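*Asks:* curious how this folds, go ahead:
(one chain, ligands or ions: 1)
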Amino acid sequence: MSANLCTDTFPRLPDAQTRLLGVIGHPVSHSLSPAIHNPALAMLGLNMRYLAFPVHPDRLPQAVRGFAAMGMLGFNATVPHKEALVPLMDWLEPLAQRIGAVNTVLIDEQGRLHGYNTDAPGFVDALLERHPLSLRQCNVVLLGAGGAARGVVAGLLEAGCQRITVANRTVARAAQLIADLASHYPTAALHAAPMQEAALPLERCDLLINTTLLGLHDQEPFPLSLHALPAQALVCDIVYAPAETPLLRAARQRGLATLNGLGMLLHQASRAFTLWTGQKMPLDFVRQRLLDML
Ligand SMILES: NC(=O)c1ccc[n+]([C@@H]2O[C@H](COP(=O)([O-])OP(=O)(O)OC[C@H]3O[C@@H](n4cnc5c(N)ncnc54)[C@H](OP(=O)(O)O)[C@@H]3O)[C@@H](O)[C@H]2O)c1
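*Replies:* Below is the predicted model of the structure:
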């Protein structure tokens with residue numbers, strides 16, 4: 001597919017004006033970001049290319065300085081670099097500062113690094129695209145307190161959500177997440193809880209979101225019963241491969257609406273794309289290509 005991209009999809013080969021974009025991670029070879037951005041760049045006739053760079057955590061500062069020195073236009077970051085990028089930025093958008101994680105960097109003409117977090121609004125974009133909820137009224141139960149959970153909770157709070165219970169295997173991590181965000185959203189009711197049914201307000205939950213690694217690698221039944229959820233509850237998993245995780249399967253079997261992580265992946269990419277190019281990503285085209293690939 002990568003060979004075809006250059007000759008079949010891009011109108012021309014890279015030349016001396018081609019601008020470079022990319023994603024850094026460790027590892028990074030699993031990343032779908034090149035398969036999202038390159039077709040979009042090609043479709044819009046933009047003379048840019050998006051590559052994946054395996055960057056060891058020990059060499060992150062050198063890599064970032066090198067990108068700026070080379071005149072790269074910008075880059076995305078995936079695990080484990082999102083938090084470590086924060087102190088390396090020359091400017092941080094307030095949301096990225098609150099979350100303490102950067103997933104998108106724009107490099108300006110002077111080589112200054114501007115850090116953003118598009119994961120947070122990307123989740124909300126994906127949610128509202130499919131399910132026009134009034135987030136202000138929603139009772140949310142969110143499972144997990146890792147890097148992705150931080151982004152999703154912040155995105156929901158930015159969008160006006162007022163009631164979120166963050167449940168995690170390690171409760172102290174959920175409490176820390178809340179402590180870090182609470183002062184920025186003083187009207188919101190935020191609670192930390194262990195990941196056990198009895199501790200969660202499932203009977204009042206409108207939106208259940210899984211951000212843990214459960215279901216990513218195995219197909220064991222999800223260790224939390226959905227039995228108490230109201231019939232109109234929406235169940236989300238931010239994992240996109242497999243498309244139907246054990247949690248989403250259990251929700252579907254209970255007749256509940258579901259949403260997987262593909263939309264979040266696409267929308268965080270779409271926001272980054274606009275920051276770099278000033279143009280809208282052709283979302284439907286990219287989504288279809290991705291679905292064909294997966
Ligand atoms: N769709 C998207 O665009 C998108 C974007 C970002 C991430 N993701 C996905 O989100 C997931 C989480 O990523 P992350 O960066 O937040 O990871 P992370 O920082 O490592 O956090 C992992 C979370 O999973 C929990 N966990 C791990 N194993 C568990 C188990 N056996 N039982 C219960 N809880 C367990 C951890 O709990 P403890 O704190 O107790 O260890 C923690 O809350 C990944 O699957 C990633 O692919 C998707």
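
*Asks:* so where's the stretch 101-250 of the chain shaky on pLDDT?
*Replies:* Within the stretch 101-250 of the chain, no range satisfies pLDDT under 70.

*Asks:* got the residues of the stretch 1-150 of the chain near the ligand?
*Replies:* 79, 119, 144-149 (C-beta under 6 Å from any ligand atom). C-beta coordinates here come from the backbone N, C-alpha and C atoms, glycine included.

*Asks:* the host helix or strand of V23 pairs with which strands, and in what direction?
*Replies:* V23 is part of strand 19-25, with elements assigned from DSSP states H and E. Note on strand 19-25: by DSSP bridges, its sheet partners are strand 48-54 (parallel), strand 74-77 (parallel).

*Asks:* can you put those strands in a markdown table and add mean neighbour count?
*Replies:* Output for the strands paired with strand 19-25, formatted as a markdown table (neighbours: other C-beta atoms under 10 Å):
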| stretch | mean neighbour count |
| --- | --- |
| strand 48-54 | 19 |
| strand 74-77 | 27 |
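
*Asks:* R173 is in contact with P194, correct?
*Replies:* No. Between P194 and R173 there is no contact under C-beta atoms under 8 Å: 11.1 Å.

*Asks:* look at the two and report which has more neighbours.
*Replies:* R173 (16 against 13; other C-beta atoms under 10 Å).

*Asks:* which ones are touching the residue lying closest to the more buried one once chain neighbours are set aside?
*Replies:* Leaving aside its chain neighbours, R173 sits nearest to A145 (4.1 Å; criterion: C-beta to C-beta, 6 or more residues apart in numbering). A145 sits next to 166, 168, 170, 173-174, 176-177, 192 when contact means C-beta atoms under 8 Å, 6 or more residues apart in numbering.

*Asks:* and for R287?
*Replies:* Here R287 is in contact with 262, 266 (C-beta under 8 Å, 6+ apart).

*Asks:* count the residues that sit near whatever residue of the stretch 51-200 of the chain ends up closest to the ligand.
*Replies:* Closest to the ligand within the stretch 51-200 of the chain is G146: 2.0 Å, counting by C-beta to the nearest ligand atom. By the criterion of other C-beta under 10 Å, G146 has 15 neighbours.

*Asks:* might one say that it is in contact with T211?
*Replies:* Yes. Contact criterion C-beta under 8 Å: G146 and T211 qualify, at 6.7 Å.
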